[in-house]
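In: return a 3D structure for these sequence lines:
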Amino acid sequence: MRSALYIFLVSIVLPQLISCNQNKLRNTGSEDTIETTGANINIDIMSNSFNTLPKEIVDTLNLHIRNKGLNTFEGILAAYAPKIENAEGNYKYEYQFTNLGKDGAMITLEETGIPDDSIEGRKVIIQLIEDVGEVWKAVSIKETYRCWQGRGHETWSAEACK
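Out: Down below sits the predicted model:
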């Protein structure tokens, strides 16, 4: 059932793409942060509290990257996890792009105050490699969640909220 939920969410979220007028991505060969919202996002990617999403979701994102010619981190992130426009309250959408040189790149997102009845926040890690023709390809997507009070765990966990 969880896999069906992911596929459903991705089928709704991925088509909502943003314009790709940003600078073309470059693999500089060194590890450096390319762009960030200004927040220093501290996401422990080695943590067991992350859920690795099914290959079908990664494949769907890669299909959109290819078909829409997405060549910016912003475009890739928006294709997978677009910012919720007109969100009220304490909604935050903070991201960071890191070039890992020959090892590819990584997009990290921390989204909190989500206007959802169960999920208060989520952290997303999209691992990318440079594919043929300077096109990026997602290798993996990991997520962790924090629930609203009374809807499950209130710390970051791979476990679904209620």
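In: show me what the helix or strand that contains D59 is packed against.
Out: Per DSSP states H and E: D59 is located in helix 55-68. Packing partners of helix 55-68 (3 or more C-beta pairs under 8 Å, 6 or more residues apart in numbering; DSSP states H and E): helix 2-13, helix 73-80, strand 135-147. (Each C-beta comes from the backbone N, C-alpha and C, glycine too.)
In: so how far is the shortest one off the chain centroid?
Out: Okay, so that is helix 73-80. 8 Å (C-alpha atoms, centre = their mean, to the nearest Å).
In: quick one: strands adjacent to the helix or strand following it?
Out: Using DSSP H and E, the helix or strand that follows helix 73-80 in sequence is strand 92-100. With DSSP bridges as the test, strand 92-100 is paired with strand 31-36 (antiparallel), strand 105-112 (antiparallel).
In: quick one: mean pLDDT over the first one.
Out: Across strand 31-36, pLDDT averages out at 44.
In: swap in the last one?
Out: Over the span of strand 105-112, the pLDDT mean works out to 97.
In: then it to CSV, C-alphas only?
Out: Written as CSV, here are the backbone C-alpha positions of strand 105-112 (Å, rounded to 0.1, in the frame of the first residue of the first chain):
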residue,chain,number,x,y,z
ALA,A,105,25.6,15.6,-7.1
MET,A,106,23.2,15.7,-4.3
ILE,A,107,20.0,17.7,-3.7
THR,A,108,18.8,17.9,-0.1
LEU,A,109,15.5,19.4,0.9
GLU,A,110,14.0,20.0,4.3
GLU,A,111,10.4,20.9,4.2
THR,A,112,8.5,21.7,7.5
